[in-house]
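Colleague: Structure, please.
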Amino acid sequence: MIILITGASHTGKTLLAQRLLEKFKYPYLSIDHLKMGLIRSGNTGLTPEDDDELTEYLWPIVREIIKTAIENDQDLIIEGCYVPADWRQDFDENYLKNIRFICLAMTEEYIEDHFDDIIGHESEIESRLIKEDCTINDLKQCNRWFIDTFGSAGEMVMLVSHRIKKGINENGIETDAVVSRITDNGTQEDIDINVYVRYRTEDGEEIEGVLSNPRANMEEGQPVRIKYHPKFKNNARLI
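Modeller: A predicted model of the protein is given here:
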């Protein structure tokens with residue numbers, strides 16, 4: 001199994017990868033480490049600031065690492081921001097069925113309320129050279145890009161927001177849904193199971209969202225009644 005983690009800056013990608021490593025004992029590859037190894041060894045003239053060019057340069061390498069690991073029946077956690085939104089087109093179904101994709105981003109409200117804490121925890125797992133010019137607007141722009149770009153590509157973006165639950169409860173729209181898949185990502189110590197539901201919004205858009213309050217013994221194909229919020233379509237709550 002390949003667990004591919006991407007997302008905006010400061011969203012906890014490295015922390016999540018570390019927790020998954022500890023839980024599942026899978027080896028872990030940081031795309032940032034790969035990037036710096038290639039830059040510092042002189043194998044590329046790119047710099048850490050060349051984000052778009054780095055994605056074009058690094059993704060083919062990461063892609064072939066993923067294929068090799070799957071072909072050799074090896075488990076691997078890969079984490080980093082240099083993953084294109086259309087990454088799925090590089091794999092056929094035989095590969096895709098062995099990849100679990102996670103994209104993380106923070107809402108603007110969460111960034112506004114927790115900016116100092118976010119910056120304060122940026123070296124939680126690994127020591128980093130802190131960018132003193134990282135502003136709240138930079139962080140908002142980066143996270144909004146991931147939400148819009150990966151969302152438009154049909155990917156589910158897991159949003160970090162303390163207001164999602166409140167927003168769904170107070171202003172959520174009720175609709176029917178079906179449990180589409182159940183996964184064990186081990187992202188929390190006491191809750192390992194993620195339950196996803198598929199439903200249509202009021203404007204007819206088909207969405208697959210993650211349940212924030214799943215019940216025990218749920219099954220794929222099970223009909224359920226949920227609430228979702230128009231601003232957080234990929235997050236839903238059972239009624």
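
Colleague: From what I see, residue 209 and residue 195 are in contact.
Modeller: No - taking contact to mean CB atoms under 8 Å, the distance of 9.9 Å between residue 209 and residue 195 leaves them out of contact. Every residue, glycine included, has its C-beta placed from N, CA and C.

Colleague: Would you state the strands of the protein in chain order?
Modeller: In the chain, the strands defined using DSSP state E lie at 2-7, 28-30, 76-79, 99-106, 157-160, 173-184, 193-200, 206-211, 223-229, 232-238.

Colleague: And the closest residue to residue 101 other than its chain neighbours, how far from residue 76?
Modeller: Setting aside the residues directly before and after it, residue 101 is nearest to residue 4 in space (CB to CB, 6 or more residues apart in numbering), at 5.0 Å. From residue 4 across to residue 76, the span is 9 Å (CB to CB, to the nearest Å).

Colleague: sorry, back to before: let me know how buried the residue nearest to residue 101 is, in neighbour terms.
Modeller: If you count neighbours by other CB atoms under 10 Å, residue 4 ends up with 19.

Colleague: repeat for the one 4 residues further on
Modeller: Residue crowding around residue 8 was assessed by other CB under 10 Å; the count is 24.

Colleague: Going by neighbour count, which residues of stretch 209-226 are buried?
Modeller: By neighbour count, and taking 16 or more other CB atoms under 10 Å as the criterion, the buried residues in stretch 209-226 are 209, 210, 211, 214, 224, 226.

Colleague: Just the closest of those to residue 143, please.
Modeller: Residue 143 has its nearest neighbour among the buried residues of stretch 209-226 in residue 210, at 17.7 Å by CB to CB.

Colleague: my guess is residue 39 meets residue 53, correct?
Modeller: No - taking CB under 8 Å as the contact criterion, residue 39 and residue 53 are not neighbours in contact, 11.6 Å apart.

Colleague: higher neighbour count, these two?
Modeller: Between residue 39 and residue 53, counting by other CB under 10 Å, residue 39 is the more crowded of the two (17 against 13).
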